[in-house]
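Visitor: what follows is a predicted protein model with its sequence.
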Amino acid sequence: MPEPLKLVVIEDEAPIRKFLRASFSEEDASIYEATTGEDGIRAVAHRNPTIVLLDLGLPDIDGLEVVRRLREWTQVPIIVISARGKEQDKVSALDLGADDYLTKPFSIGELMARVRVALRHAKRDDLEAPPTIEIGDLKIDLGARIVTLTGQEVRLTAIEYKLLAILARHSGKVITQKQMLNEVWGPAYEDSTHTLRVHMANLRQKIEPEPTQTKFIRTETGVGYRLMESE
């Protein structure tokens, strides 16, 4: 049997905490609830959780500060759950090191899907990065730097390959525009979002069977991109 999850929920709204408790059975997960950021940080330090669910609107310190402080010493998966749906809040949380972002209200199904992705990614990070990523008919061989679609090699430019490789190394996670620009072009280009969009559009034309109905690369509007994972 899989080992039960250990969750730390940092959330000051009682109805949301009740909803989250109901989302996990006692056999599948043990949950510690913290209603302040400081209590949540201490709980993560002492309880070594499998995953953290974090609200941004806390009564003592901002949730973004919680993400920043946790990332100083732990890589535990953090999923932000917040009513603050502004794009800048999402970008800031992800840039600071959160693994994903859910805007309230959300469904149990969506929450569970994000938890599964975060846990898969965390498990993969504990091992060597896989040399080959396969999502459906798309195969990305990071060692050989070869991309194939339905068995046929896809000819990518150096920049297109770099962008796809970044997404592949973090498949299932949102990578912000700032992160991608910084890694491919350098810090001086962090605001060159138009350049990024142009290259991403060209990449999609080469790997998406139907570019208007994306199968592999999802745009998180105003935030960044996510390479989808096979369920």
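Guide: Structure received.
Visitor: hey, let's count contacts and neighbours off CA atoms from now on
Guide: OK.
Visitor: check contacts around the residue minimising distance to the centre of the chain.
Guide: Nearest to the mean C-alpha position of the chain, by Cα atoms, centre = their mean, lies Lys173 at 2.9 Å. Applying Cα atoms under 8 Å, 6 or more residues apart in numbering, one finds that Lys173 lies in contact with 99-100, 117-118, 167, 226-227.
Visitor: let's go with 6 Å and repeat that
Guide: Contacts for Lys173 (Cα atoms under 6 Å, 6 or more residues apart in numbering) come out as Arg226.
Visitor: I'd say Thr103 and Val80 touch.
Guide: No. Using Cα atoms under 6 Å as the test, Thr103 is too far from Val80 to be in contact (8.2 Å).
Visitor: who's more crowded, the two?
Guide: Val80 (24 against 14; other Cα atoms under 10 Å).
Visitor: in this protein, which spans are strands?
Guide: 5-10, 29-34, 51-54, 78-82, 100-103, 132-135, 138-141, 146-149, 152-153, 174-176, 217-220, 224-227 (DSSP state E).
Visitor: want to throw the ones you listed into TSV with distance to Arg197 and mean pLDDT?
Guide: Supplementary listing: the strands of the chain in TSV, determined by distance: least, Cα to Cα, whole Å; pLDDT from 0 to 100:
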stretch	distance to Arg197	mean pLDDT
strand 5-10	35	94
strand 29-34	40	94
strand 51-54	30	96
strand 78-82	26	93
strand 100-103	21	90
strand 132-135	22	86
strand 138-141	21	91
strand 146-149	20	93
strand 152-153	23	94
strand 174-176	12	91
strand 217-220	10	91
strand 224-227	10	93
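Visitor: what would these look like in JSON lines with distance to Lys162?
Guide: Formatted as JSON lines, the strands of the chain follow (distance: least, Cα to Cα, whole Å):
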{"stretch": "strand 5-10", "distance to Lys162": "35"}
{"stretch": "strand 29-34", "distance to Lys162": "38"}
{"stretch": "strand 51-54", "distance to Lys162": "30"}
{"stretch": "strand 78-82", "distance to Lys162": "26"}
{"stretch": "strand 100-103", "distance to Lys162": "22"}
{"stretch": "strand 132-135", "distance to Lys162": "14"}
{"stretch": "strand 138-141", "distance to Lys162": "11"}
{"stretch": "strand 146-149", "distance to Lys162": "11"}
{"stretch": "strand 152-153", "distance to Lys162": "16"}
{"stretch": "strand 174-176", "distance to Lys162": "13"}
{"stretch": "strand 217-220", "distance to Lys162": "14"}
{"stretch": "strand 224-227", "distance to Lys162": "13"}
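Visitor: pLDDT value on the closest residue to Ser92 other than its chain neighbours, please?
Guide: Among residues not flanking Ser92 along the chain, Leu64 sits closest, at 7.4 Å (Cα to Cα, 6 or more residues apart in numbering). Note for Leu64: predicted pLDDT of 93.
Visitor: gap between the residue sitting furthest away from the middle of the chain and Leu227?
Guide: Using Cα atoms, centre = their mean, the residue of the chain lying farthest from its centre is Gln152. It sits 29.2 Å away. With the distance defined as Cα to Cα, to the nearest Å, Gln152 ends up 20 Å from Leu227.
Visitor: wait, what's in contact with the closest residue to Tyr101 other than its chain neighbours?
Guide: Distances taken as Cα to Cα, 6+ apart put Val80 closest to Tyr101, at 4.6 Å, once the chain neighbours are dropped. Residues in contact with Val80 (Cα under 6 Å, 6+ apart) are 53-55, 101.
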